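S.K.: build me a model from this:
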Amino acid sequence: MAGTPRLALPFLSVGQAQKEFTHNESLQTLDVLVAGAVEQPPLATPPTSPTLGACYVVGPAATDAWAGKSQCVAAWTSGGWRFISAVEGMLLYERTSGTWAAFRNGGWELGIARAAALVIDGQQVVGPRVAPIPSPSGGSVIDSEGRAAIDAILGALTQHGLIGG
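M.R.: Predicted coordinates:
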């Protein structure tokens, strides 16, 4: 095997000349991906004046220096553009929106948080989606304002996907 299975970081080999090149290649890749961050949402065209160390997600139908590198992470280095192929589960912070970009099922998901539950200070505040709750009906005393408020709450919970619709 010439490199690591997930990120293809090159291995040093016995008797290899100039091992520092192979080692530096691995360090460049790790510099991009460890605590990885990209400057903005996916782009099809490279920026004209990137700063050293700036990283981008290459969007679909990439052009110019990024042609043929769609879905890759592009990093501007002292040697020019370095491309790292995305792997399932790769997670990068997207600076302009303050959200996360995750590579799932062959594409980038932006700003989508996936979880089975939301726990704050040890207390679960959001869990699995439950069945729809019917609007109030019946009773001997009808409070139309109260029912309207309850319907609005149920509508908001349904719209946010917390209860079924």
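S.K.: so where do the strands sit in this structure?
M.R.: 37-38, 55-57, 73-77, 80-84, 91-94, 99-104, 107-110, 118-120, 123-126 (DSSP state E).
S.K.: export those as a markdown table, with columns for mean pLDDT.
M.R.: As requested, these are exported to a markdown table (pLDDT from 0 to 100):
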| stretch | mean pLDDT |
| --- | --- |
| strand 37-38 | 94 |
| strand 55-57 | 96 |
| strand 73-77 | 93 |
| strand 80-84 | 93 |
| strand 91-94 | 95 |
| strand 99-104 | 96 |
| strand 107-110 | 95 |
| strand 118-120 | 87 |
| strand 123-126 | 86 |
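S.K.: can you put those strands in a markdown table and add mean neighbour count and distance to residue 20?
M.R.: (C-beta placed from N, C-alpha, C; glycine too.) Shown next, in a markdown table, are those (neighbours: other Cβ atoms under 10 Å; distance: least, Cβ to Cβ, whole Å):
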| stretch | mean neighbour count | distance to residue 20 |
| --- | --- | --- |
| strand 37-38 | 18 | 27 |
| strand 55-57 | 22 | 24 |
| strand 73-77 | 21 | 16 |
| strand 80-84 | 15 | 17 |
| strand 91-94 | 17 | 28 |
| strand 99-104 | 18 | 30 |
| strand 107-110 | 16 | 33 |
| strand 118-120 | 10 | 46 |
| strand 123-126 | 10 | 50 |
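S.K.: any idea which helix or strand in this protein has the lowest mean pLDDT?
M.R.: helix 19-33 (a mean of 76; mean pLDDT, DSSP states H and E).
S.K.: can you redo the strands of the chain as a markdown table with distance to residue 144?
M.R.: Putting these into a markdown table (distance: least, Cβ to Cβ, whole Å) gives the following:
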| stretch | distance to residue 144 |
| --- | --- |
| strand 37-38 | 52 |
| strand 55-57 | 51 |
| strand 73-77 | 56 |
| strand 80-84 | 60 |
| strand 91-94 | 46 |
| strand 99-104 | 41 |
| strand 107-110 | 43 |
| strand 118-120 | 34 |
| strand 123-126 | 30 |
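S.K.: domains of the protein?
M.R.: 19-110, 118-159 (automatic domain parsing).
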